[in-house]
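> sequence? don't have it. structure:
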């Protein structure tokens, strides 16, 4: 496995949950020469103290993007859009990803690590979803469809330049920081908003932030990662059990949304001018009993989830208590 010490690398989405932690560990642990790009740099100003060079860059600005790609040896693409606007999500998740891979190829980047999601799979009638499962390129929901299409375009473009490409597909990433499965869910519970469907007995597939970042870094270092995609997941619990840990902190019982209501909300999104936070992709995720095996990552990369669910939730709840929760 090669060292990343003093290697110039670029992290997109460095102001986000995964990108910020990745930038920090690449610099402090791997000793890489890290440039992080994003929009809201004030949120991660502490990264400058970790020797991370931060630049405000819009992924849709090709000219600026070309300049920051030049001279880099490895690119870690963590940026993505969860926007309600399908056109914007398409532009960021698909078009910008394809353009970034093209620019990387033209600049002579040696390896491109693309962070995707287990949501890219066409999981109908499948319980154990491994990396051979087809991509959901025609999924009715915007996010999984665009992430699946982004993978396909990234693979095709990387082949044109004979550039090494690796894809990381995490499940629900949680841990200290402003992630949707941490702060997003905790705030929903505090505000008495539903955080699961039905009784919450469906599978929840959490994976701790540092375990995900370790997998991403391995994909840049390990020769066996070239041309491969990897599921990254850990312990399986239920939605209710996971959310209950957050509920205990703020003395609130997490609430569920009746499935029939969720389906009506998802259907309403098809009506022009109406937008709800529930779509078909979320319904599938919140009602399934699926597993995302990680044997491939274990076999090819030597990756294993190191943080147990108990330990990960303990760290996360402590962080929420110190940084987010204000009693009363």
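Great, that's in hand. For clarity, every value in this text was computed on a predicted model and none was experimentally measured.
> only C-alpha atoms for contact and neighbour calcs from this point on.
Will do.
> Would you mind measuring from residue 168 to residue 319?
Residue 168 sits at a distance of 26 Å from residue 319 (criterion: C-alpha to C-alpha, to the nearest Å).
> ugh, wrong one, residue 57
29 Å.
> Residue 312 now?
11 Å.
> How about residue 289?
29 Å.
> Ok, residue 217 next?
24 Å.
> try residue 295
Counting by C-alpha to C-alpha - residue 295 and residue 319 are separated by 31 Å.
> can you count the residues close to residue 321?
When neighbours are defined as other C-alpha atoms under 10 Å, residue 321 has 15 of them.
> Verify the contact between it and residue 249 for me.
Yes: here residue 321 reaches residue 249: they are 7.4 Å apart, a contact under C-alpha atoms under 8 Å.
> between residue 312 and residue 319, which one's more packed in?
Of the pair residue 312 and residue 319, residue 312 is the one with more neighbours under other C-alpha under 10 Å, namely 20 against 16.
> Counting by contacts, list what the one helix or strand that one maps to packs against.
Per DSSP states H and E, residue 312 falls inside helix 309-323. Here helix 309-323 touches strand 206-208, helix 239-250, going by 3 or more C-alpha pairs under 8 Å, 6 or more residues apart in numbering; DSSP states H and E.
> Can you pull out the residues in contact with the helix or strand following the longest one?
Proceeding N to C from helix 239-250, the next assigned helix or strand is strand 255-257, under DSSP H and E. Strand 255-257 is contacted by residues 189, 192, 193, 194, 195, 196, 197, 198, 199, 200 when judged by C-alpha atoms under 8 Å, 6 or more residues apart in numbering.
> How about stretch 61-71?
In contact with stretch 61-71 (C-alpha under 8 Å, 6+ apart) are residues 8, 10, 57, 58, 59, 99, 100, 103, 104, 107, 109.
> Have a look at the protein and report its longest helix.
helix 142-160 (DSSP state H).
> and the helix or strand just after that one with helix 142-160, angle?
Later in the chain than helix 142-160, the nearest helix or strand by DSSP H and E is strand 164-170. Interaxial angle, strand 164-170 versus helix 142-160 (axes from the mean of the first three to the mean of the last three C-alpha atoms, to 10 degrees): 160 degrees.
> Just give me how far strand 164-170 sits from the chain centre.
Here the centre of strand 164-170 is set off from its chain's centre by 11 Å, with C-alpha atoms, centre = their mean, to the nearest Å.
> So what touches it?
In contact with strand 164-170 (C-alpha under 8 Å, 6+ apart) are residues 110-118, 151, 155, 158, 207, 212, 215-216, 219-220, 225-233.
> that older thread, any idea which of the helices and strands packed on helix 309-323 is most buried?
Most buried of those, by mean neighbour count (mean count of other C-alpha atoms under 10 Å): strand 206-208, with a mean of 26.
> What is that strand packed up against?
Applying 3+ C-alpha pairs under 8 Å, 6+ apart, one finds that strand 206-208 contacts strand 172-174, helix 309-323.
> In contact with the residue nearest to residue 205 when sequence neighbours are not counted: list those residues for me.
Of all residues not flanking residue 205 in the chain, residue 236 sits nearest, at 4.9 Å (C-alpha to C-alpha, 6 or more residues apart in numbering). Neighbouring residues of residue 236 by C-alpha under 8 Å, 6+ apart: 203, 204, 205, 206, 291.
> for residue 35, same thing?
Taking C-alpha under 8 Å, 6+ apart, we find residue 35 in contact with 8, 9, 10, 11, 23, 52, 53, 54, 55.
> Pull up the pairing partners for the helix or strand harbouring the second one, direction included.
Going back to what we said before, that points to residue 9. Per DSSP H and E, residue 9 falls inside strand 8-12. Using DSSP bridges, the strands paired with strand 8-12 are strand 33-38 (parallel), strand 74-77 (parallel).
> For it, give the mean pLDDT please.
The pLDDT scores in strand 8-12 average 98.
> list the buried ones in that strand?
For strand 8-12, burial by neighbour count (16 or more other C-alpha atoms under 10 Å) applies to 8, 9, 10, 11, 12.
> Repeat that for stretch 80-100.
Across stretch 80-100, burial judged by 16+ other C-alpha under 10 Å covers 80-81, 89-100.
> what does stretch 301-319 give?
Applying 16+ other C-alpha under 10 Å to stretch 301-319 flags 301, 303, 304, 305, 307, 309, 312, 313, 316, 317, 319 as buried.
> ok, now stretch 54-72?
54, 57, 58, 59, 65, 66, 68, 69, 70, 72.
> In CSV: these, plus secondary structure.
Below are the buried residues of stretch 54-72 laid out as CSV (DSSP: H, G, I helix; E, B strand; the rest coil):
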residue, secondary structure
54, strand
57, coil
58, coil
59, coil
65, helix
66, helix
68, helix
69, helix
70, coil
72, coil
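> out of those, which one sits closest to residue 174?
Minimum distance to residue 174 across the buried residues of stretch 54-72 is 24.0 Å, recorded for residue 54 (C-alpha to C-alpha).
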